[in-house]
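K.L.:
Dropping the sequence and predicted coords here.
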Amino acid sequence: MNFIQRHIRFVAAAIAAGVLMVGCSDSLLQDNSSTALSTDATRSTNATAALTAVSLSEGFEVGGTSPKTAYDVSPTGSSSGDNVTLQSKSWNMYDALIGNLSGDLKSGSWSARVRNTGKITMLFDVTTGISTVTIKHGTYSGDAASTWGLWYSVNGGSTWTQSGSNVTTTSALQTQTFTLNITGTVRLEIRKASGSSNRINIDDITINDNSTGGGGGGITGKKFLFDASHYENAGSADWQIDADGTENVPTYTGGTTVETKAQRIPTPSYTGITSSTSETYWKGAMSAWAVELVKRGQLVETLPVGTAITYGNASNPQDLSNYDVFLVIEPNRLFSASEKTAIMNFVSNGGGLMMVADHTAATTAGTDANGYNPSDRDGDGYDSPRVWNDLMTNNGINNNNPFGFVVNYVDISEQPTTNVYTGSNANAQAVLNGLAGAASKLAFYNGSTATLYPANNSSVQGLFWRMSGTVGSNTNVMALLATYGSGRVVFVGDSSPSDDGTGDTNDNLFNGWSGDAPSGYTSHPALHLNASLWLAKAQ
């Protein structure tokens, strides 16, 4: 809902409640057995292990101008000329540059390009060791394949040791993973080993630290992709984790409005986030959620507008197969047929889907029974409840509400409900009482509810119900989870609980994340963070 509607209702002491939906995992067919619950119970117990944080990620996203446009400077190998600063870190790029030409294989706007026997060297150490390193690589333009290797030094660059064997590039951007399991101080060097003048591209270097020692029991950082491709910023909404540009977005009143535009990689770099970093480090109404995930060792990205939702497309650097969880907070446009296929296959094959909706009415043609507009912020005839129902009834794979619920076309408020599930379902307990604490209350400020259909998916489990509802019933459900295939789904019926109140200065936002006194301040973060970690199979 927009802020004006919320504010009017708040002043009138009639604030409406929202619903959060989270999904859970099943086998390839819906796994409704007690074995699935037992497995998840074990996973939840093991999740008390310390998370292994992503300690560095370098995507060579340098903005409008490259700091290194020549392969080498004069004299050859000059440190001063070949040194560059990326995210306040010093690197040496010998016979290498940072390019954005059409022939450069890249996952964003820029990538490194190396020729001959060039090298990309860290001139600094990571101090918490390295468990694993992932690097994207490929052959530049029409050049022949080359080989390259990853080397590491534990003595400040005095001596180097190769990790594994050389890797051969291909014409498509691929991801190579190296397992080091080294403690203490380490730095890396990427060396082109063959191919003469044939060039290679290097991108998205990601280091997972090894502070737990040898990787024994630590959980490596999971990758969370927040959708911004379906006008989550339309109208007064700003359901983004960070935005640094602007774009024209359709509005329900007709025409367009200028809104902040999310980019793939949040800036400043998440490597600058510490335990005391404020959510205003990034500019978005979902920034608190994302910053807290990073503090817990996770990696977050955005799927920008104009980027396709795919699954199994190796040429798309943001293909869902590259992520553990896809989070979609109040989508304003229907998913295309191919996008729905991608989402369903992603979940079925083990991915986590976070589904957040908002309030609506029986139709989007007029106001609801309370005199408020449905949440069709861009005026295309669809709002988030209809987008989610379309996914679950018109996906071409399983059109019979495969997650076991339907979003109701209603506008409700609870401030808050304390009707929370207390049973023995291990999945539900992981979400309600997980690593981020206990979630015992949920407030909606104009949201929708769900109706459960266990006959369609017996794993579906309600988490919160309206105060006028009955815990354990199939109606008046405000938040729920389910499993589908080997993946997981969570649903929440309102974006208000995850709105942190900051973002686009032209939008009037509402702090339901930490400023919601009736919900007890900690309940909303606990619910959303526990749900995120459960979806990622990190608890």
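P.N.:
Received, thanks.
K.L.:
can we go C-alpha only for contacts and neighbour counts from here?
P.N.:
Noted.
K.L.:
which sections of the stretch 1-150 of the chain are below the confidence cut-off?
P.N.:
1-54, 74-80 (pLDDT under 70).
K.L.:
Tell me where it has strands.
P.N.:
19-25, 51-52, 54-58, 83-86, 89-99, 111-122, 130-139, 147-153 (DSSP state E, counting those that start in this stretch).
K.L.:
Save these as a markdown table, and put in distance to L299 and mean neighbour count too.
P.N.:
A markdown table is the format used below for these (distance: least, CA to CA, whole Å; neighbours: other CA atoms under 10 Å):
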| stretch | distance to L299 | mean neighbour count |
| --- | --- | --- |
| strand 19-25 | 19 | 32 |
| strand 51-52 | 11 | 24 |
| strand 54-58 | 7 | 21 |
| strand 83-86 | 18 | 17 |
| strand 89-99 | 19 | 22 |
| strand 111-122 | 19 | 24 |
| strand 130-139 | 13 | 24 |
| strand 147-153 | 22 | 20 |
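K.L.:
how about those strands in CSV, adding distance to S171?
P.N.:
As requested, the strands of the stretch 1-150 of the chain are exported to CSV (distance: least, CA to CA, whole Å):
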stretch, distance to S171
strand 19-25, 34
strand 51-52, 32
strand 54-58, 22
strand 83-86, 26
strand 89-99, 17
strand 111-122, 14
strand 130-139, 5
strand 147-153, 13
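K.L.:
if we compare the ones you listed, which one ends up closest to T417?
P.N.:
strand 19-25 (11.0 Å; CA to CA).
K.L.:
residues in contact with the residue nearest to N433 when sequence neighbours are not counted?
P.N.:
Excluding the flanking residues, the one nearest N433 by CA to CA, 6 or more residues apart in numbering is A439, at 6.4 Å. With contact taken as CA atoms under 8 Å, 6 or more residues apart in numbering, A439 is in contact with L432, N433, T522, S523, H524, A526, L527.
K.L.:
Let's see which of those end up in strands.
P.N.:
Here DSSP state E is the test, and those give N433 as lying in strands.
K.L.:
and of the contacts of A439, the nearest to A308?
P.N.:
Nearest to A308 among these, with distances taken as CA to CA, is L527, at 29.1 Å.
K.L.:
Mind pulling up the pLDDT for the closest residue to that closest one other than its chain neighbours?
P.N.:
Nearest-residue entry for L527: A439, 5.2 Å, with adjacent residues in sequence omitted and distances by CA to CA, 6+ apart. pLDDT for A439: 95.
K.L.:
returning to what we had before: redo the contacts of A439 as TSV? Include pLDDT.
P.N.:
Formatted as TSV, the contacts of A439 follow (pLDDT from 0 to 100):
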residue	pLDDT
L432	96
N433	94
T522	79
S523	93
H524	96
A526	95
L527	97
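K.L.:
Which one (most neighbours) among the contacts of A439?
P.N.:
L527 (29 neighbours; other CA atoms under 10 Å).
K.L.:
Contacts only, for that one.
P.N.:
V431, L432, A436, A438, A439.
K.L.:
Tell me which of the residues you listed fall in helices.
P.N.:
V431, L432 (DSSP state H).
K.L.:
closest one to G184 among the strands of the stretch 1-150 of the chain?
P.N.:
Here strand 130-139 is closest among those (CA to CA), at 8.2 Å.
K.L.:
quick one: that closest one to chain centroid distance?
P.N.:
20 Å (CA atoms, centre = their mean, to the nearest Å).
K.L.:
what's next to that strand, contact-wise?
P.N.:
105, 145-146, 169-183, 186, 199-211, 214-215.
K.L.:
now do stretch 496-513
P.N.:
Taking CA under 8 Å, 6+ apart as the rule, stretch 496-513 contacts 1-4, 18, 235-239, 242, 259-260, 280, 283-289, 442-445, 514, 521, 524-525, 528.
K.L.:
For ChimeraX, write a command that selects the buried ones of the contacts of strand 130-139.
P.N.:
Restricted to buried positions by 16 or more other CA atoms under 10 Å, the ChimeraX selection for these reads:
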select :105,145,146,169,170,171,172,173,174,175,178,180,181,182,183,186,199,200,201,202,203,204,205,206,207,208,209,210,211,214,215
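K.L.:
Sort out which of the contacts of strand 130-139 are in strands and list them.
P.N.:
Per DSSP E, the contacts of strand 130-139 map to strands at 174-182, 200-208.
K.L.:
May I see the ChimeraX selection of the buried members of the contacts of stretch 496-513?
P.N.:
Only the buried entries of these go into this ChimeraX selection, using 16+ other CA under 10 Å:
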select :1,2,3,18,235,236,237,238,239,242,259,260,280,283,284,285,286,287,288,289,442,443,444,445,514,524,525,528
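K.L.:
in this structure, which spans are helices?
P.N.:
3-11, 34-46, 79-82, 287-295, 337-348, 384-393, 426-432, 523-535.
K.L.:
what's near enough to touch A262?
P.N.:
A228, Q240, I241, D242, A243, D244, G245, T302, P304, V305.
K.L.:
Now, of those residues, which are buried?
P.N.:
Judged by 16+ other CA under 10 Å, buried ones among the contacts of A262: A228, Q240, I241, D242, A243, T302, P304, V305.
K.L.:
Quick check: G520 vs V490, distance?
P.N.:
Going from G520 to V490 by CA to CA, to the nearest Å gives 22 Å.
K.L.:
So for those two, which sits in the more crowded spot?
P.N.:
Legend: neighbour count by other CA under 10 Å for G520 and V490, higher for V490 (32 against 16).
K.L.:
so what's that one bridging to?
P.N.:
V22, L481 (DSSP bridges).
K.L.:
Check the gap between it and A526 for me.
P.N.:
V490 is 14 Å from A526, by CA to CA.
K.L.:
Please apply the same query to T183.
P.N.:
Distance from T183 to A526, by CA to CA: 32 Å.
K.L.:
try V477
P.N.:
19 Å.
K.L.:
Adding pLDDT and distance to A365, write the contacts of A262 out as TSV.
P.N.:
Converted to TSV, the contacts of A262 look like this (pLDDT from 0 to 100; distance: CA to CA, whole Å):
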residue	pLDDT	distance to A365
A228	97	25
Q240	97	27
I241	97	31
D242	95	32
A243	92	31
D244	88	34
G245	87	32
T302	96	31
P304	94	29
V305	93	26
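K.L.:
Nearest to L150 among those residues?
P.N.:
Among those, and counting by CA to CA, the member closest to L150 is T302, at 28.1 Å.
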